[in-house]
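> Fold the following.
(one chain, ligands or ions: 1)
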Amino acid sequence: MKIVHTKTELRRERQEYSGRVILVPTMGALHDGHQALMESARLEAGSEGLVIVSIFVNPIQFDRAEDLENYPSTFEQDSAICEAAGVDLIFAPAADGVYESDSSVMVMEKTLSTTLCGAQRPGHFDGVCTVVLKLYHLTQPDVMVFGKKDFQQVAVIQRMVRDLDLPVEILPVETVREENGLALSSRNSRLSEQAYTEAPVIHATLKRCSSELQSGAVKPAEVTAFFQQAFESLETAVRIDYVELVDAETMQPVAEIRKDAILAVAVFFGDIRLIDHITVQTP
Ligand code: PAF
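Modelled structure (predicted):
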């Protein structure tokens, strides 16, 4: 496995290669969820293909300065995980190694990112699209792999690929969970011990709420109250950022379940913002 730190080195490596290329964009702090992305990438690439993992904490997708400052950085461990997963090339640029200091052009997505995380984190998905487009140009992959945990991110990137005519396939990979249901996230390592013990309630509540929506016992307008009640007895200070039932394609809120919808939640457990979702099938 090779590691390159500059765009020039990356371009040179890429130019020497004519086979199938699979890119897994990450911000590091890798865990078993990322390992699943890399394994899918390895399968897609076959033994002859090139699997590239980018590790870059993209400053322009953070809406809160303290979130960016505290984002975990575990490069030694990350490269060992990449090596074990059969990655061929890591692109790990310096913090100032991706954008020009007077950079003034960005990608803007205007529809799918108006709800959920897009509504709560202004500019977040524009930052994501911009860096993903840059990584796309730098690596010219056949396939880019993303985790389904960030389902709105996947939808927004698929829209960018469609609208900007990028000749690349997007491969979404299933969310990996702890046995207790907690979705793996780089942010879990920043939870207090108490919050980490209590955070599985998010997935458990999603499951309960989803089946009550399907049976009609809970109405779409009541989902926030349902979660508030479920979090009431926790010791951790919990603040709900949003709970929403949205159309799986448009990301717009639905008042009635006429086709499969997504129940999505973002919650601050202490200071740490966690997201998760579940598909709610038509009754
Ligand atoms: O999902 C992430 O880790 C990031 O949003 C991504 C896609 C690597 C862009 O910075």
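> Please count neighbours and contacts with C-alpha atoms only from this point.
Fine.
> Leu171 should be in a helix, yeah?
No - with DSSP: H, G, I helix; E, B strand; the rest coil as the criterion, Leu171 is strand rather than part of a helix.
> quick one, what contacts it?
Contact analysis of Leu171 by CA atoms under 8 Å, 6 or more residues apart in numbering lists 143-146.
> ok, so of those, who is nearest Leu135?
In terms of CA to CA, no member of the contacts of Leu171 lies closer to Leu135 than Met144, at 9.9 Å.
> how near is that closest one to the ligand?
Note on Met144: its distance to the ligand, by CA to the nearest ligand atom, to the nearest Å, is 10 Å.
> just Val128 next, same as before
5 Å.
> Then Phe125?
Distance from Phe125 to the ligand, counting by CA to the nearest ligand atom: 8 Å.
> pretty sure that residue is touching Glu109, no?
Yes - in terms of CA atoms under 8 Å, Phe125 counts as a neighbour of Glu109; the distance is 7.1 Å.
> When these two are compared, which one has more neighbours?
Shown here are Phe125 and Glu109; by other CA atoms under 10 Å, Phe125 has more neighbours (27 against 20).
> Enumerate every residue touching that one.
By CA under 8 Å, 6+ apart, the neighbours of Phe125 are 61, 108-109, 113, 118, 153, 156.
> Secondary structure added to these, as TSV?
TSV is the format used below for these (three-state DSSP):
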residue	secondary structure
Gln61	helix
Met108	coil
Glu109	coil
Ser113	helix
Gly118	helix
Gln153	helix
Val156	helix
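> Just the closest residue of this protein to the ligand, please.
In the chain, no residue comes nearer to the ligand than Thr26, which is 3.6 Å away by CA to the nearest ligand atom.
> Got phi/psi on that residue?
phi -140, psi 170 (degrees, to the nearest 10).
> Tell me how many other residues surround it.
Residues near Thr26, counting by other CA under 10 Å, number 21.
> Would you check that it makes contact with Ser73?
No - contact criterion CA under 8 Å: Thr26 and Ser73 do not qualify, at 11.9 Å.
> Would you mind naming what in the stretch 51-200 of the chain lies close to the ligand?
58, 128, 132 (CA under 6 Å from any ligand atom).
> Let's see that with 8 Å instead.
Residues of the stretch 51-200 of the chain lying close to the ligand (CA under 8 Å from any ligand atom) are 54-58, 61, 127-129, 131-132, 146-147, 150, 153.
> which of the residues you listed count as buried?
54-58, 61, 127-129, 131-132, 146-147, 153 (16 or more other CA atoms under 10 Å).
> picking up where we left off before, touching both of Phe125 and Glu109, which residues are there?
Common contact partners of Phe125 and Glu109 (CA under 8 Å, 6+ apart): Val156.
> Now the element after the lowest-mean-pLDDT helix or strand in the chain, going C-ward?
When the helices and strands of the chain are scored by mean pLDDT, DSSP states H and E, helix 65-69 comes last with a mean of 94. Following helix 65-69 in sequence order, the next helix or strand is helix 75-84 (DSSP states H and E).
> Pull up the pairing partners for the helix or strand just after that following helix, direction included.
Next helix or strand after helix 75-84 toward the C-terminus (DSSP H and E): strand 89-91. Take DSSP bridges as the rule and strand 89-91 pairs in its sheet with strand 2-4 (parallel), strand 50-55 (parallel).
> any chance of these in a markdown table, with mean pLDDT too?
What follows is those, written out as a markdown table (pLDDT from 0 to 100):
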| stretch | mean pLDDT |
| --- | --- |
| strand 2-4 | 98 |
| strand 50-55 | 98 |
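> tell me the most buried of the ones you listed?
Highest mean neighbour count among the strands paired with strand 89-91 (mean count of other CA atoms under 10 Å): strand 50-55, with a mean of 26.
> which residues touch it?
Strand 50-55 has contacts (CA under 8 Å, 6+ apart) with 19-28, 38, 41-42, 45, 82, 86-93, 135.
> Do a quick rundown of the strands in this protein.
Taking DSSP state E as the test, the strands found in the chain are 2-4, 21-26, 50-55, 89-91, 143-147, 169-173, 238-247, 261-269, 272-280.
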